[in-house]
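In: got a predicted structure plus its sequence, pasted below:
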Amino acid sequence: MILRTQDGEDTVDDVQAIRLAKTELREAFRAGDVQRALTVFSNEYSDMSAGNASFWGAEAKAVLQHRLTKLFAAYRAELAVTIISIRILGAMAFDWGWHKLTLTPKRSGKKINRRTRYLEIWAKEPDGRWRIAIFMDNADVPPQMPPAGVLRAVFGHDPVKRRAPEARKAKSSHPRPRKANSM
């Protein structure tokens, strides 16, 4: 959505600006462009990536640059982003969803697919751009139903449990017609 400021300038609303920044990150991965990817992250961001040590501040951005340089040297990377929601809270925002990273080796080997759940906290910087201030992710796991005891506690009964077919037939308000005997 494009909004107009009081002096008539076109401006992108905050949610759209974050969506565009996520697009920029996705395209940086596709291009294998480390510097382009780094522009989406704040200079003082915190990195809590799954399976790696956490880093904060300038050190985090330097480590990210190192990791991306190694990654893009060895693989062609495709980042698919599924945003569940973006919430704006003044000059801070957060979004969460899934990242699916497909890595195709540049030399030989099988493709690697990694799907993670992520949470990002964004900061609107003095230049007006939104940048990732905190990044956290973990491995995605297949969905599953909560244990029956949890369902009972939340819903007061087990909403998944179905009535037996006989019980449905007995409670039916419209009895099924019987087949006529054929002669």
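Out: Arrived safely. Numbering: from 1, shown residues only.
In: any weak-confidence spans in the protein?
Out: Residues of the chain that meet the criterion pLDDT under 70 lie in 1-12, 158-183.
In: strands along that one, start to end?
Out: 2-4, 10-12, 41-48, 55-56, 75-89, 92-105, 112-124, 130-139 (DSSP state E).
In: got the contact list for the fourth one?
Out: Right, the one you point to is strand 55-56. Under the criterion Cβ atoms under 8 Å, 6 or more residues apart in numbering, residues 44-47, 63 lie in contact with strand 55-56. In short, each C-beta sits where N, CA and C put it, glycine included.
In: likewise the fifth one?
Out: Contact partners of strand 75-89, identified using Cβ under 8 Å, 6+ apart, comprise 14-15, 18-19, 22, 25-26, 29-30, 32, 71, 93-106, 112.
In: make a PyMOL selection of the buried ones in these.
Out: To isolate the buried members of those in PyMOL, using 16 or more other Cβ atoms under 10 Å:
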select buried, resi 14+15+18+19+22+25+26+29+32+71+93+94+95+96+97+99+101+102+103
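In: list phi and psi for residue 143.
Out: phi -60, psi 150 (degrees, to the nearest 10).
In: from residue 97, how far out is it?
Out: 15 Å (Cβ to Cβ, to the nearest Å).
In: over to residue 82?
Out: 5 Å.
In: in the sheet, who's paired with the closest residue to residue 29 other than its chain neighbours?
Out: Distances taken as Cβ to Cβ, 6 or more residues apart in numbering place residue 79 nearest to residue 29, at 4.0 Å, with adjacent residues excluded. Applying DSSP bridges to residue 79 yields these beta-bridge partners: residue 101.
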